[in-house]
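[1] Got a predicted structure plus its sequence, pasted below:
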There are 4 protein chains.
Amino acid sequence: MRVDLNADAGESFGAFTMGDDAALMASVTSTSLAAGFHAGDPSVLRRSLVLAKGNRVAVGAHPGLPDLNGFGRRELHVTPDEAEDLVLYQVAAVAGVAAAEGIRLQHVKPHGALYSMAMRSPHIARAIVKAVLAFNPSLILFAPPRSELFVIGESSGLRVAAEVFADRTYENDGSLTPRSTAGALVTDANVALERVLHMLETHTVVTRNGAALDMRVDTVCIHSDTPGAGKIAFALRKGLEARGVTVAPLLSNGSSPEGA
Amino acid sequence: MRVDLNADAGESFGAFTMGDDAALMASVTSTSLAAGFHAGDPSVLRRSLVLAKGNRVAVGAHPGLPDLNGFGRRELHVTPDEAEDLVLYQVAAVAGVAAAEGIRLQHVKPHGALYSMAMRSPHIARAIVKAVLAFNPSLILFAPPRSELFVIGESSGLRVAAEVFADRTYENDGSLTPRSTAGALVTDANVALERVLHMLETHTVVTRNGAALDMRVDTVCIHSDTPGAGKIAFALRKGLEARGVTVAPLLSNGSSPEGA
Amino acid sequence: MRVDLNADAGESFGAFTMGDDAALMASVTSTSLAAGFHAGDPSVLRRSLVLAKGNRVAVGAHPGLPDLNGFGRRELHVTPDEAEDLVLYQVAAVAGVAAAEGIRLQHVKPHGALYSMAMRSPHIARAIVKAVLAFNPSLILFAPPRSELFVIGESSGLRVAAEVFADRTYENDGSLTPRSTAGALVTDANVALERVLHMLETHTVVTRNGAALDMRVDTVCIHSDTPGAGKIAFALRKGLEARGVTVAPLLSNGSSPEGA
Amino acid sequence: MRVDLNADAGESFGAFTMGDDAALMASVTSTSLAAGFHAGDPSVLRRSLVLAKGNRVAVGAHPGLPDLNGFGRRELHVTPDEAEDLVLYQVAAVAGVAAAEGIRLQHVKPHGALYSMAMRSPHIARAIVKAVLAFNPSLILFAPPRSELFVIGESSGLRVAAEVFADRTYENDGSLTPRSTAGALVTDANVALERVLHMLETHTVVTRNGAALDMRVDTVCIHSDTPGAGKIAFALRKGLEARGVTVAPLLSNGSSPEGA
């Protein structure tokens, strides 16, 4: 068994700090870096890239909606063209700054409300896929299994990584339980570990209502703003490895980002 | 005699339109595209790239200070590290979106107050040069002759293009006459043409006070917000060619951007 | 017969100009000023207030969603609390700067997507009404007849002005024809005048599909970005007055804003 | 002996939290609230006002430069007119939202680089004073003793409160030791207390180089981002009161903000 462990990072903005990037980067194998639209700024991005390189963590772009005040978590009705352009721009910025630090981008993962919109809207999903294809068709797209983004990404020829959430519960339709629902967040590292192991072993997830749902797992996300995210990431990494799971980035050769 | 004719473009922002890009692109040979910090947005950038490609105009990045409300024309005391990071980010964004449109970037030209700061501050000049070197040392840097930016760019091994302004007068120290001074703007296309021809023929410029100043000229800028900029650009292009001057982009092979 | 004629203004942003405020202010009797979230900035706001005062035009606040790049025309899923807070903030800012210029605020009119959301969402409508009540319950709320905003505003004790659009057509359900539909914009000043006169005389509007719809009219809006808005406003003012309609602000004493 | 104890608050921005407002508000007697330009947003502002009211803390506006990424601490070369307009706008916004919460504004304190610029530039100082006079001449202006802002404020008829910093050292010319200099920050609460008591008793401050400088003290600031700011504020409040100093807001009747 093999899996990638990912977390968002680079979400600070000037004097406004967010997330414990150093703790997360010590345990994850991939990280998605903000590009300044919903979080992050040019200096934060660069420091995050250096941090990722030092920890041999594979890097992806984490494009979001232009809504810093809402942290990209509020739906904004952009047109598909606008979505395509803002994803392309953000992927280009992260990839270019990464290249200046000797890092080749591994993946693209839409953030927050853009990710949610792409799960259910084929128009937004297609826009994101078009942006990735236009920039670099060898980039891996992170998407939730069975989502519009997943299906359209695969059918367009992109390599798509099925992403699940260690720190969130699922509904019967495969969607994440809304954050506003009690119990939506899994903050106990042991519970998170057992959930992930169950998914890896059975290729299913147990929903909040007890149903078993097919669930392919290529990469497991720990939200950087879940309380104790650094500790959960550490526990997951150690726990998975203790159970014999190889925890590694997604690039097929499993090389470090520098060697990619 | 040979010279490049450049204008800024891509400075609209959403519903806020600025500049007559279509008119300018019909006459210039290079254009510097904003990246969203002082002007421009992801969709405007992409449309501007398509427009440049259609007009066979070479493309550069036009990084500016993060001050949309001041159009990047107010000095902001960023540190050299911040300057380096924000230039790197913007160049990366423009270069990456350009690449997705099949365009290789020709140059980098700092905008507004960042350009002015880099003329006299070796710290800011060095920061900009470091950003360009880190991203792609084959990019051409636009800089005013004799400025800190010019000197540091050349001594760092970058190819630097000496830029003069067709629509602005000069002071005896080689600086541009401040916009607030009467007569600082040259809005008569014939006067602008004669000024440029004089510079190309004599390698000197006549300052506002009548002095002759040595002035190397590789590229001539028409500010996109000078009244009648499109007409001035058209008159310059036709007038220069009528006098036997080759008007072409800076890439040594003189190829169109697609062929570069 | 009496009616107020209104237009948005103060929508420029730094060097980015938008709208012909001078032309519109010469003909309208009320104006709604942006507060910097979707358009406008502190200096533009102040100049617009001086312009309104000089033209004896009554002033309102025009709060919008925090989306400068989308000009506040893209829906953003703010919570009702966020909507209330951002309306309160913007009304406070416009009212306070207006007071410094000796102007008492007449009204509040939500902008763009916020206006649309408040037409159909009772949650957003209530949030806006709460903000106005908290700031100053004597302010007049502009709302489309029969909308949630209109109904909740009236039932909450606010004075609500029924607003119709001279330059837009209506659907059978009372909504505006979407801008993307051919014929949605009325750009012929004579057609606009006859439409408004018909509404004032019959208290009905003829929809795009020919139905007659009850339509109370207290204030008529000319969109500042409709092509030829200034001319339409002038033609409406002159045409209405030529037919004996009193065109005046909404304040019950009909006084100029300075006298309010 | 009597003194006001103040701290900045309301500096969070959406999901980006900054400062321990609850801890500071428990100990200070006045607070300066950000207005969204360098920090803060409409919802943060409103919550901060409710928190201040609950702690019977007097409220001021804390206008800053429009530079969220630089937290308003980088000089931006705004014109005096721009400075006046952006101060007026921010004071209006904070005052209006405060009024909706039943709070009368006590004071205005420029933030960060705007405060520094107003210390030495009579143009910027005059712009700020003009904005306060235009909005409400009974507001108290916070300014460092002997600064241009202080002198121009007093000579213009404003009530000016001499502000000193408990957590910063001073140079011989009365300026604050730059943050980049070792020892510029006083983070030991006992040292801060003794420094403030010395100022109150002797009307002088001992500079970093040992000189004694005349120093009037009306209000003492604890920076909200100094490490342990909440504890320093608590220690100052208790320590000052234990030595017989009355710690109270500046309003002459000493009333709570609700009673103002």
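    Ah, there it is.
[2] What's the mean pLDDT across stretch A:166-178?
    Across stretch A:166-178, pLDDT averages out at 90.
[3] Contacts for it, please.
    The set of residues external to stretch A:166-178 that reach it, using Cβ atoms under 8 Å, 6 or more residues apart in numbering or on different chains, is A:119, A:144-147, A:165, A:183-187, A:192-193, A:195-196, A:205, A:207-209, A:211, A:213, A:215, A:220-223, A:226, A:229, A:232, A:236. Where you see a C-beta, it was placed from the backbone N, CA and C, and this is true even at glycine.
[4] Quick check: residues of the stretch 1-150 of chain A near chain D?
    Within the stretch 1-150 of chain A, the positions lying close to chain D (Cβ under 8 Å from any Cβ of the partner chain) are A:13-18, A:41, A:68-71, A:73.
[5] Farthest pair within the residues you listed?
    A:Ala15 and A:Arg73 (21.3 Å; Cβ to Cβ).
[6] What about A:Leu185, how many residues nearby?
    Neighbour count for A:Leu185, taken as other Cβ atoms under 10 Å in any protein chain shown: 16.
[7] who touches it in this structure?
    Contacts for A:Leu185 (Cβ under 8 Å, 6+ apart) come out as A:167-168, A:179, A:226.
[8] Any chance of the backbone angles for it?
    Here is the backbone geometry of A:Leu185 (degrees, to the nearest 10): phi -100, psi 130.
[9] State the pLDDT value of it.
    Per-residue pLDDT puts A:Leu185 at 89.
[10] Repeat that for the one 10 residues further on.
    Residue-level confidence at A:Arg195 comes out at 93, pLDDT.
[11] which other helices and strands contact the helix or strand hosting it?
    Using DSSP states H and E, A:Arg195 maps to helix A:189-202. Helix A:189-202 sits against strand A:204-206, helix A:229-242, with contacts defined as 3 or more Cβ pairs under 8 Å, 6 or more residues apart in numbering or on different chains; DSSP states H and E.
[12] Just the residues contacting the last one, thanks.
    Helix A:229-242 is contacted by residues A:3, A:5, A:7, A:19-20, A:23-24, A:26-28, A:166-167, A:187, A:189-190, A:192-193, A:196-197, A:200, A:220, A:222-223, A:226, A:247 when judged by Cβ under 8 Å, 6+ apart.
[13] Quick check: A:Met199 vs chain D, distance?
    Going from A:Met199 to chain D by Cβ to the nearest Cβ, to the nearest Å gives 28 Å.
[14] my guess is that residue contacts A:Val205, does it?
    Yes: the criterion here is Cβ atoms under 8 Å, and A:Met199 meets it with A:Val205 at 5.3 Å.
[15] Could you list the alpha-carbon positions for the longest helix anywhere in chain A in CSV?
    When chain A is scanned for its longest helix (criterion: DSSP state H), the result is helix A:80-100. The C-alpha coordinates for helix A:80-100 follow below in CSV (Å, rounded to 0.1, in the frame of the first residue of the first chain):
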residue,chain,number,x,y,z
PRO,A,80,-15.9,29.6,-16.6
ASP,A,81,-13.6,31.8,-18.6
GLU,A,82,-12.7,33.8,-15.4
ALA,A,83,-12.2,30.5,-13.5
GLU,A,84,-9.9,29.2,-16.3
ASP,A,85,-7.9,32.5,-16.4
LEU,A,86,-7.5,32.8,-12.6
VAL,A,87,-6.4,29.2,-12.2
LEU,A,88,-3.9,29.5,-15.1
TYR,A,89,-2.5,32.7,-13.6
GLN,A,90,-2.0,31.2,-10.2
VAL,A,91,-0.5,28.0,-11.4
ALA,A,92,1.9,30.0,-13.6
ALA,A,93,2.9,32.1,-10.7
VAL,A,94,3.6,29.2,-8.3
ALA,A,95,5.3,27.1,-11.0
GLY,A,96,7.5,30.0,-12.0
VAL,A,97,8.6,30.9,-8.5
ALA,A,98,9.1,27.2,-7.8
ALA,A,99,11.3,26.9,-10.9
ALA,A,100,13.4,29.8,-9.7
